[in-house]
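Chemist: Quick one, fold the following:
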Amino acid sequence: MWETSYAKEPVDFRLLFLRLLKKIWLIPLSFIAGAVVIGGLYWFFKLVIGDGRLYRDTTVYYCDFAEDSSGTEYQWFNHYTWETFATTDPITDEIVAAMGNTITKEEVLKYVSATIESDTRVLYTYTDTHDKNLSVTLDEAVQKAFIKFGEDHKEFNSISVIKSDDYDSLKDISHIKVNNAVILGGIIGLFAAVILGLFKVMTDTAVYIPRTLEERFKIPTLTVQSMDEFEGAANHLLDKEKKITIVSLETEENFATATVDKLASFGFDTEAIGSDSIIKDGASLNLDKQYVIAVKAATQNGKQLSRVMEQAGRLGLNVVATVLTGADLELIDKYYRK
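Modeler: Below is the predicted model:
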């Protein structure tokens, strides 16, 4: 009586390695697929339907403060003061006018900011837009507005530009890292491929080499019809005085035709039936015949094979061997090679 246990079946590491080697092309493919998918989605959401890149034009000013009636320079301008002034009408109106009214005051408030750092005499303005040309043009208008602000207020002798970015030196402050997303996507793709590969190995019921059939079901195998061992195994395991029935796990009986013809060439009286003949019509089968189960290699038919074997045991059929069909001969050759 046959027996099997997938849970206790040992891992054939040599076979596993050879199978993985044949799938080595999946490594770069999974990396590329992950990079394209994750990188593409990141690019789409950030640059197509998102705000896109943000370009900053920075201008540095020197504020020459005037003296008050006591002879002391006006020193009450701080970060909060400049941040507030940048949003007031004298400056925003001047920027809108310098832009020829092609921009609204609300857009100015959105795009322009001002601050100081440690030195109150050094003023910074930032013009942040999603278009390089607009950042440069708008910054020129901002410069005019702040210079005029210095001219119109008694607290300043002048406000002058020290340094300003040009088109080529604008900073991208959007923090959109498409390259990083592509690399991350590739890593995710590799990780997903490994997880899926492990899952496939754990749930794989297919048979790839004759040895697995013998280890799994504890009955002999005729190996593969094109292997050198096939004829000797057939002559040893099969009785030429009895009819041999090849049971194909596939729905079509002619899948086992090649095996039938091969055994017939050795002088065996052979026929082929489908597995349904055992599952559905087993009661009518001849118990005196020899039955050989034809298992198609690299096919997820392990449970179907178990079902056929179970039913054959219930019916008392004389299952004398198995045979592996459609096998990868290159894989088998490498497996048994030193």
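
Chemist: need the longest helix for the protein.
Modeler: Ranked by number of residues, the top helix in the chain under DSSP state H is helix 178-203.

Chemist: immediately after it, which helix or strand?
Modeler: The helix or strand immediately downstream of helix 178-203 is helix 210-217, counting by DSSP states H and E.

Chemist: Would you indicate which residues of that next one are buried?
Modeler: For helix 210-217, a neighbour-count test (16 or more other Cβ atoms under 10 Å) marks 210-213, 216-217 as buried. Bear in mind the C-beta positions are built from the backbone N, C-alpha and C, glycine included.

Chemist: got any ranges where this protein has weak pLDDT?
Modeler: Along the chain, segments meeting pLDDT under 70 span 1-8, 50, 251-255, 283, 338.

Chemist: pretty sure Val247 belongs to a strand, no?
Modeler: Yes: counting by DSSP: H, G, I helix; E, B strand; the rest coil, Val247 is found in a strand.

Chemist: quick one: Thr245 and Asp269 touch, right?
Modeler: No: look at Thr245 against Asp269 with Cβ atoms under 8 Å: they stay out of range, at 9.9 Å.

Chemist: Which one of the two is surrounded by more residues?
Modeler: Thr245 (24 against 14; other Cβ atoms under 10 Å).

Chemist: for Gly267, helix, strand, or coil?
Modeler: When the rule is three-state DSSP, Gly267 gets the label coil.

Chemist: hang on, it packs against Lys240?
Modeler: Yes: counting by Cβ under 8 Å, Lys240 is a contact partner of Gly267 at 6.0 Å.

Chemist: Those two - which one has more neighbours?
Modeler: With neighbours defined as other Cβ under 10 Å, Gly267 and Lys240 compare such that Lys240 has more, 14 against 10.

Chemist: Can you tell me how far the more buried one is from Asp269?
Modeler: 8 Å (Cβ to Cβ, to the nearest Å).

Chemist: And Asp68, by the same measure?
Modeler: Distance from Asp68 to Asp269, by Cβ to Cβ: 122 Å.

Chemist: Kindly report the same for Asp152.
Modeler: Distance from Asp152 to Asp269, by Cβ to Cβ: 114 Å.

Chemist: With Asp93 instead?
Modeler: From Asp93 across to Asp269, the span is 106 Å (Cβ to Cβ).

Chemist: does Asp119 count as helix, strand or coil?
Modeler: Taking three-state DSSP, the label given to Asp119 is coil.
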